[in-house]
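> just a sequence and a predicted model for now, questions to come.
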Amino acid sequence: MPALLAGLVFTPAAHAAGLAGESPSAAALGMAGARVAEDGAADALPDNPASLGGVEFTTVSAGLRTGAGSHRFTAAESIVRADGNGELRTGQSIATESHGASAPYLFAAHPIPDVPLVIGIAAYDPHGIAFEWPDRWAGRNAGTAFSLRTMALHPALAWKISDTLQVGAGFRVAQHWLGIERTVRGNLADRSDDVPYAIALDGQSVSVDGGVLWKPRQDVRIGLHLVSGAAADVRGTADFDLPSASLAGLFPDQAATASLRFPARLQAGGAWLVGSSWKIAAEVEWIGHGAAEDVDIRLAESRPRGILPIDTGFRNTLAARLGGAWAANEQWGVLSGLAWEPAATGADARSPLFPETDTLAAAVGGRFTYGRLSADAGLQWRAALGGSSFDPALTGRYDGGMLAFAIGMHALFP
């Protein structure tokens, strides 16, 4: 059984929880995501659209998020391939290069004159997941690569009902790109070598969200944010890399489809303003992964198989986050945060395509303000704490780590 160190691309750093996604801003990264009770920030739109109700001036925020990291699989048993390629013994490891990628984000908010309404819009990538293993590693039939890219457009409207209550709602239209690479066992063609194939699919989804921000006291904010689930029917092609033209009849390139189910989410938390310099924020997030289905790739033809199943074994999760902000003076500020992100996939379904484990995140960040302009940066380290896999073909344990960095710029237009 193999031991695997898989390169991870994440832009932004993906949740340890399945297909949930997250807010991409530098401030969110620097506070470990604890922003459901944020007020008056355009870049908090994905965390809670009600936060737009506190925006007093037209605001534009733009930034870039990048990251890199790795996952590792430690074998519990040896695996010996019949073709002799990729043989590994108990405790051995095989490593891939660590990869990195970047994704920009853009937020804007504008108060409507003479009415207590603020409109906002965001464009960002909430997922940006990709794993890659060596082509000839011993577990190549289970997976050699997985990627999910998304570009989302998220308009929202917030209403400041009173000085103590704000509500907001929006919807997100997203374009998704799904890529999967695996191999088909060569004995289907009476060959010792496996046949690699690549699946490239794309499609759209629509979700809605709504939030409330309540300020029972001047120094206390309570936030609630609900995001609906979404479905995307993705379509594309399955292309087989044939070692011989004589196999074309057994492994024809063909159309492929799949259904992706993105989970509903519920965030609840608060922020406490301590004096004039400190803010402490805490929140919990329930993610309804259990309603999602396995990812079944449906091929247009029955060769090599009509359906290529991918067992995700998703389960509901409950994450916890704690963030802090300290204003050293009118110009400089410091951010920090901790987060616990449970894995959506358990030991019975953990695999090379879904190797996630429970994750502990630690974050730091900072902000500089000069007049109507400001800039912030966030740095976050995520440690995958490790989890077993009970797959009879790949019994072992996954762990790893990820590092993400983001920088953002903000401009006010009174």
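Nice, thanks for sending it over.
> end to end on stretch 217-237, go ahead and measure it.
Start to finish, the residues bounding stretch 217-237 are 56 Å apart (CA to CA, to the nearest Å).
> state the mean pLDDT of it.
Taken as a whole, stretch 217-237 carries a mean pLDDT of 95.
> now stretch 284-293
86.
> likewise stretch 157-165?
Rounded mean pLDDT across stretch 157-165 is 97.
> and that stretch, what's buried?
By 16 or more other CB atoms under 10 Å, the buried positions in stretch 157-165 come out as 157-160. Every C-beta, even on glycine, is put in place using the N, C-alpha and C of the backbone.
> quick one: the residues you listed as TSV, columns for secondary structure and distance to A109 too.
As requested, the buried residues of stretch 157-165 are exported to TSV (DSSP: H, G, I helix; E, B strand; the rest coil; distance: CB to CB, whole Å):
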residue	secondary structure	distance to A109
L157	strand	10
A158	strand	8
W159	strand	13
K160	strand	12
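> of the residues you listed, which is the nearest to A169?
L157 (6.3 Å; CB to CB).
> circling back: and the two most separated of the buried residues of stretch 157-165?
L157 and K160 (11.3 Å).
> overlap in contacts, those two.
Counting by CB atoms under 8 Å, 6 or more residues apart in numbering, the common neighbours of L157 and K160 are 117-118.
> hang on, the earlier thing: how about the buried residues of stretch 157-165 in a markdown table, adding distance to F354?
Listed next are the buried residues of stretch 157-165 as a markdown table, based on distance: CB to CB, whole Å:
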| residue | distance to F354 |
| --- | --- |
| L157 | 36 |
| A158 | 36 |
| W159 | 40 |
| K160 | 42 |
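> any idea what G269 is bridged to?
G223, E283 (DSSP bridges).
> and for it, the neighbour number?
Here the number of neighbours of G269 (other CB atoms under 10 Å) works out to 26.
> I129 versus that one, what's the distance?
25 Å (CB to CB, to the nearest Å).
> for L201, state which of the buried residues of stretch 157-165 is nearest.
L157 (32.6 Å).
> who's in contact with the closest one?
L157 neighbours (CB under 8 Å, 6+ apart): 49, 52, 117-120, 168-170.
> one more time with 7 Å
117, 119, 168-170 (CB atoms under 7 Å, 6 or more residues apart in numbering).
> roughly how far apart are it and A27?
For L157, the distance to A27 - CB to CB - is 22 Å.
> about what we covered before: most neighbours among the contacts of L157, which one?
G168 (25 neighbours).
> could you find the closest non-adjacent residue to it?
P49 (3.2 Å; CB to CB, 6 or more residues apart in numbering).
> show me the strands in the stretch 151-300 of the chain, by range?
Under the criterion DSSP state E, counting those that start in this stretch, strands of the stretch 151-300 of the chain are mapped to 165-184, 195-217, 220-227, 230-240, 254-262, 265-274, 278-287, 295-299.
> parallel or antiparallel, which strands does the shortest one pair with?
For strand 295-299, the paired strands and their directions (DSSP bridges) read strand 254-262 (antiparallel), strand 307-310 (antiparallel).
> may I have the longest one exported as CSV, CA atoms only?
Yep, that's strand 254-262 we're talking about. Extracted C-alpha coordinates of strand 254-262, given in CSV (Å, rounded to 0.1, in the frame of the first residue of the first chain):
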residue,chain,number,x,y,z
GLN,A,254,-16.5,10.4,-25.7
ALA,A,255,-18.9,12.8,-24.1
ALA,A,256,-19.3,12.8,-20.3
THR,A,257,-21.6,14.4,-17.7
ALA,A,258,-21.9,14.6,-13.9
SER,A,259,-23.9,16.3,-11.2
LEU,A,260,-22.3,18.3,-8.5
ARG,A,261,-24.1,19.2,-5.3
PHE,A,262,-22.9,22.1,-3.3
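> in it, what's buried?
Those would be 256-262, for strand 254-262 by 16+ other CB under 10 Å.
> between it and strand 230-240, how many degrees?
150 degrees (axes from the mean of the first three to the mean of the last three CA atoms, to 10 degrees).
> what does strand 254-262 contact?
So strand 254-262 is contacted by 19, 176, 178, 199, 201, 205, 207, 229-238, 291-293, 295-301 (CB under 7 Å, 6+ apart).
> write the ChimeraX selection for whichever of those residues are buried.
Buried residues within these, by 16+ other CB under 10 Å, are selected in ChimeraX with:
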select :19,176,178,199,201,205,207,229,230,232,234,236,238,292,295,297,298,299
